[in-house]
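Undergrad: Provided below are the primary sequence and the corresponding predicted coordinates.
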Amino acid sequence: MKSSDAPSNEGRNFFQDVHEVVRLIPPGRVSTYGAIAHYLGARHGARMVGYALIAAAPALGLEKVPAQRVVNRNGLLTGRHHFSTPTAMQEALEAEGVRVENDQVVEFKRLFWDPAQELE
DNA sequence: CCAATGACTCCAG
DNA sequence: CCTGGAGCCATTG
C-alpha cells in the first residue's frame, strides 16, 4: 500500500476523529475548523476539517454529525451551501438556541466551544 | 501522474 | 479599518 492502493483506509481515521469531536459539541455551542484542526494537532490545516465534513455529509443521517455547529473562524456559516437547503444550517442552529444573523453566529465568541480547552 | 479546486487561516498592503 | 494574495493539504478530475 503506497499511494493509489489505500487512500481511504487511513484517511478515514482522520474523518472519524473530526466526526467525534463535532459530535461532542454541546447543544447551543459552536466550534471552528481551526479549533478542531488544532485539537487534532493543527497539522492537517483547517481546510481538511471542512473536507471531513463534506465526507461526513452523507454520514449526517448515519453518524449524526452536527456540521451546522461548525463554522469558520469568523463565525460565518460558510458551508451552509453544502446542506440540503441553503437555510438548513441556520435553521438547525436557531433550533439549538443559537441566533444567526446575516449568515453569522450572534455572540459567536461567547458560544465558541474549543475541544482542546473544554476536553483538554 | 499532473493539474485544479476547496465547509480555511494568516500575513501584507 | 478593509481588501487582496499566498499557504497548506487532501480529494477529485
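TA: Structure received.
Undergrad: Which parts of chain A are strands?
TA: Using DSSP state E, the strands assigned to chain A run over residues A:31-32, A:70-71, A:100-101, A:104-105.
Undergrad: Go through these and pick out the most buried.
TA: Here the criterion is mean neighbour count by mean count of other C-beta atoms under 10 Å, and of the strands of chain A the winner is strand A:70-71, at a mean of 26. Just so you know, the C-beta spots here come from the backbone N, C-alpha and C atoms, and that holds for glycine as well.
Undergrad: and chain A, which residues reach DNA strand B?
TA: Contact residues (C-beta under 7 Å from any atom of the strand) of chain A with DNA strand B: A:3-4, A:32-34, A:45-51, A:53-54, A:56-57, A:67-68, A:70, A:72-74, A:78-79, A:81-83, A:89.
Undergrad: Just the buried residues of those.
TA: A:32-33, A:46, A:48-51, A:53, A:56, A:67-68, A:70, A:72, A:78-79, A:83, A:89 (16 or more other C-beta atoms under 10 Å).
Undergrad: Point to the residue nearest the middle of chain A.
TA: Here the mean C-alpha position of chain A is nearest to the C-alpha of residue A:70 (C-alpha atoms, centre = their mean), at a distance of 3.6 Å.
Undergrad: That one reaches residue A:34, doesn't it?
TA: No: the pair residue A:70 and residue A:34 fails to qualify as a contact (C-beta atoms under 8 Å) at a distance of 10.6 Å.
Undergrad: can you list residues touching both of those two?
TA: Overlap between the contact sets of residue A:70 and residue A:34, as judged by C-beta atoms under 8 Å, 6 or more residues apart in numbering, is given by residue A:49.
Undergrad: Could you tell me the end-to-end distance of stretch A:83-93?
TA: The first and final residues of stretch A:83-93 sit 13 Å from each other (C-alpha to C-alpha, to the nearest Å).
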